[in-house]
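# only geometry, no sequence info:
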Ligand code: HEM
């Protein structure tokens, strides 16, 4: 080797060694970036919006079968990650819950929910804590729930009386259930009912049907993926007309809520002129004068926004769950018969079910769990936003990603559930494979109320209401479909929206099966 070649080869080897060590140092201080989770290829500008289809929880479940349980989508300029298995959901909502405790910005929160002044969309922080604490103490604590137990039982009894008097035409069960859940909540929040019995009895201050329509319209609008939320440059165009509809709907809700608030300030809850302290709204009005621990004051806007949340989140969720439960029970006469045997042995035939009976109704509880599994009222839960980046299952989740948890798909995962599409309450009975599973956010295989810090605030009330209503309807009535319909062909299709409505309302003939005096309740 010539001296020149020796110099060159020495320099070359030295360069390689230098690069090798430098690269190692570089890699150690800046590890190679993790990949984003897999997902379908996005379109330019709009990204994966067209992939969501009319029922996004179905489309996203189908994608999970192709790409796995953690998917990445690009909706316009927004990173969206979707959890579609219990273990991925638990990593987001348990391990990393503190990073996912706010909701992403969206037009619904802005235009309907008083520009984020509510509880559902309030950013995680002092105001959210204040609103949540007020509800926990005055509405959802065990004491508050026990104080209003008689109200729930009375309103359920009023429903049975309306069903008995419903005449020859089939009843729209979902509508009557909605009147019941709304009046029950109204008595706890406002100190009075807002509707008649829904059976055409008259005397409604506000039309029940119109109110349910407003709630359902809100859920449909909130469930719509508004292009402007994801492609900010297109926001002003309001391509789907969603924002215009939201503003109109907000005006209707605001008129309803402002009326209630002003009336309450002047008259007190019961219209007697004496301010009552037992209902939530009186407490909220009294709290307006107090400064809370974090130095915040409750404003009229926050009060109306909270009322809106409670009436929207707390009525249709419970009533449509019971409607699904009854549809399933009607489709499975053997389940109806078994549940009635249990109820007859615990309650007898001479009175209606009470809340204190519920702990003894094991099969009924299993029916309710199975309904929450197959028909979770918010199939994609409510979205969360990542306040910082994190790693899940070896994938990179960027800061500001929107998180969707496909609660609906998780509860139908064939890896977890045998015969996942079948309505089989016995899977939750003692001694069965899922006996110890609850639906309260502890077992991620079935999380209809979500989980973690932002878990449903009204879960305790929702559960009691769904159980009491389902038990009472099963105990109090046999159910016959309108002429020409057969149970095997009952339409179980879902409609589109943030909540899981039935495509075809359940129309039925209730046939009382208890002694007539049991139903004699005057509203
Ligand atoms: C069948 C009954 C119900 C179901 C299935 C249900 C489901 C849900 C779900 C999935 C969430 C989102 C949780 C999350 O982000 O992890 C939620 C939030 C919420 N729910 Fe419910 N809900 C029900 C009944 C109620 C009732 C009766 C009320 C009140 C009267 C209520 C009030 C709320 C509120 C205020 C939030 C927002 C909580 C927060 O952001 O901190 N819900 N609900």
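The structure has been received and is ready for your questions. A quick note: this is a predicted structure, and the numbers were derived from the prediction, not measured.
# Where does pLDDT dip in the stretch 401-523 of the chain?
Flagging of the stretch 401-523 of the chain using pLDDT under 70 yields the residue ranges 521-523.
# swap in the chain?
Using pLDDT under 70, the flagged stretches of the chain are 1-32, 197-209, 268-277, 289-296, 521-523.
# can you pull out the strands in the stretch 351-500 of the chain?
Using DSSP state E, counting those that start in this stretch, the strands of the stretch 351-500 of the chain run over residues 384-385, 390-392, 395-397, 402-405, 477-480.
# how about the second one: buried residues?
Same thing as strand 390-392. 390, 392 (16 or more other Cβ atoms under 10 Å). Where you see a C-beta, it was placed from the backbone N, CA and C, and this is true even at glycine.
# picking that back up, let me have the strands of the stretch 351-500 of the chain in CSV, adding distance to residue 260 as columns.
Listed next are these as CSV, based on distance: least, Cβ to Cβ, whole Å:
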stretch, distance to residue 260
strand 384-385, 31
strand 390-392, 42
strand 395-397, 42
strand 402-405, 33
strand 477-480, 33
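# Out of those, which is the most enclosed?
A comparison of these by mean neighbour count, using mean count of other Cβ atoms under 10 Å, puts strand 402-405 on top with a mean of 25.
# Who are the packing partners of that strand?
Under the contact definition 3 or more Cβ pairs under 8 Å, 6 or more residues apart in numbering; DSSP states H and E, strand 402-405 sits against strand 78-83, strand 384-385.
# nearest to residue 178, of those strands?
strand 384-385 (28.0 Å; Cβ to Cβ).
# got the helices and strands packed on strand 402-405 as a markdown table, with distance to the ligand columns?
Formatted as a markdown table, the helices and strands packed on strand 402-405 follow (distance: least, Cβ to the nearest ligand atom, whole Å):
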| stretch | distance to the ligand |
| --- | --- |
| strand 78-83 | 11 |
| strand 384-385 | 6 |
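# Residue 92 is nearest to which of the ones you listed?
strand 78-83 (5.5 Å).
# now what about that closest one, what contacts it?
By Cβ atoms under 8 Å, 6 or more residues apart in numbering, the residues outside strand 78-83 that reach it are 36-37, 47-48, 60, 63-64, 69-74, 89, 91-92, 104, 229-230, 392, 397-398, 400-406, 410.
# chain center to it, what's the gap?
Computed by Cα atoms, centre = their mean, to the nearest Å, the chain-centroid distance of strand 78-83 equals 19 Å.
# which residues are contacting stretch 487-495?
Stretch 487-495 is contacted by residues 55, 327, 330, 331, 333, 481, 500, 501, 502, 503, 504 when judged by Cβ under 8 Å, 6+ apart.
# so which residue of the stretch 151-300 of the chain comes closest to the ligand?
Residue nearest to the ligand within the stretch 151-300 of the chain (Cβ to the nearest ligand atom): residue 185, separated by 5.8 Å.
# pretty sure that residue is in contact with residue 310, am I right?
Yes: taking contacts as Cβ atoms under 8 Å, residue 185 lies within contact range of residue 310: 6.5 Å.
# So which of the two has more stuff around it?
Legend: neighbour count by other Cβ atoms under 10 Å for residue 185 and residue 310, higher for residue 185 (28 against 23).
# Name the nearest residue to the more buried one, ignoring sequence neighbours.
residue 314 (5.2 Å; Cβ to Cβ, 6 or more residues apart in numbering).
# What residues of stretch 301-315 count as buried?
302-315.
# ok, and the most crowded of the contacts of stretch 487-495?
residue 500 (27 neighbours).
# Relative to residue 508, how far out is it?
19 Å (Cβ to Cβ, to the nearest Å).
# Can you get me a residue count around residue 33?
7.
# and the closest residue to it other than its chain neighbours, what are its bridge partners?
The spatial neighbour of residue 33 that comes closest, neighbours along the chain excluded (Cβ to Cβ, 6+ apart), is residue 396 at 6.4 Å. Taking DSSP bridges as the rule, residue 396 bridges to residue 391.
# what sits against residue 396?
Residue 396 touches 33, 34, 35, 36, 389, counting by Cβ under 8 Å, 6+ apart.
# right, and the second one touches residue 390 too?
Translated: residue 34. No: using Cβ under 8 Å, residue 34 is not in contact with residue 390; the gap is 10.1 Å.
# Spell out which parts of the chain neighbour the ligand.
119-120, 132, 185, 309-310, 313-314, 317-318, 321, 377-378, 381-382, 448-451, 454-458, 461-462, 466 (Cβ under 6 Å from any ligand atom).
# So which of those are in helices?
132, 185, 309, 310, 313, 317, 318, 321, 461, 462, 466 (DSSP state H).
# can you tell me which two in the residues you listed are farthest apart?
Among those, 132 and 321 lie farthest apart (Cβ to Cβ), at 22.5 Å.
# Looking at these two, which one has more neighbours?
A side-by-side neighbour count of residue 132 and residue 321, using other Cβ under 10 Å, places residue 321 first with 27 against 16.
# Quick check: the more buried one vs residue 409, distance?
In terms of Cβ to Cβ, residue 321 sits 18 Å off from residue 409.
# Just the buried positions in stretch 350-365, please.
Neighbour-count burial for stretch 350-365 [16+ other Cβ under 10 Å]: 352, 353, 354, 355, 357, 358, 361, 363, 364, 365.
# in the stretch 251-400 of the chain, what residue is nearest the ligand?
residue 314 (2.4 Å).
# Pretty sure that residue sits against residue 184.
No: the pair residue 314 / residue 184 is not scored as a contact, 9.1 Å apart, by Cβ under 8 Å.
# Skip the chain neighbours and tell me the closest residue to the most centrally placed residue in the chain.
A centroid search over the chain (Cα atoms, centre = their mean) returns residue 378, at 3.9 Å, as the residue closest to the centre. Leaving out its chain neighbours, the residue that sits closest to residue 378 by Cβ to Cβ, 6+ apart is residue 499, at 5.7 Å.
# same thing with residue 230?
residue 76 (2.9 Å).
# how about that neighbour, what does it touch?
45, 46, 47, 49, 227, 229, 230, 231, 232, 234.
# what's the closest non-adjacent residue to the fourth one?
Okay, so that is residue 49. residue 75 (5.5 Å).
# thinking again about what came up before, residue 376 is in contact with the residue nearest to residue 378, correct?
No: between residue 499 and residue 376 there is no contact under Cβ under 8 Å: 9.3 Å.
# right, and the helices and strands packed on strand 402-405 - which one's nearest residue 159?
Of all these, strand 384-385 comes closest under Cβ to Cβ, at 35.3 Å.
# and residue 511, what element?
strand 507-512 (DSSP states H and E).
# starting at the chain centroid, how far to that strand?
With Cα atoms, centre = their mean, you get 28 Å for strand 507-512.
# Give the buried residues for stretch 104-119.
So, applying 16+ other Cβ under 10 Å, buried residues of stretch 104-119: 104, 106-114, 116-119.
# Return the residues in contact with the closest residue to the ligand within the stretch 101-250 of the chain.
Closest contact between the stretch 101-250 of the chain and the ligand, by Cβ to the nearest ligand atom, is at residue 120 (4.2 Å). Going by Cβ under 8 Å, 6+ apart, residue 120 touches 103, 109, 113, 309, 313, 382.
# a markdown table for the residues you listed, including distance to residue 432?
Output for the contacts of residue 120, formatted as a markdown table (distance: Cβ to Cβ, whole Å):
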| residue | distance to residue 432 |
| --- | --- |
| 103 | 36 |
| 109 | 41 |
| 113 | 41 |
| 309 | 37 |
| 313 | 32 |
| 382 | 31 |
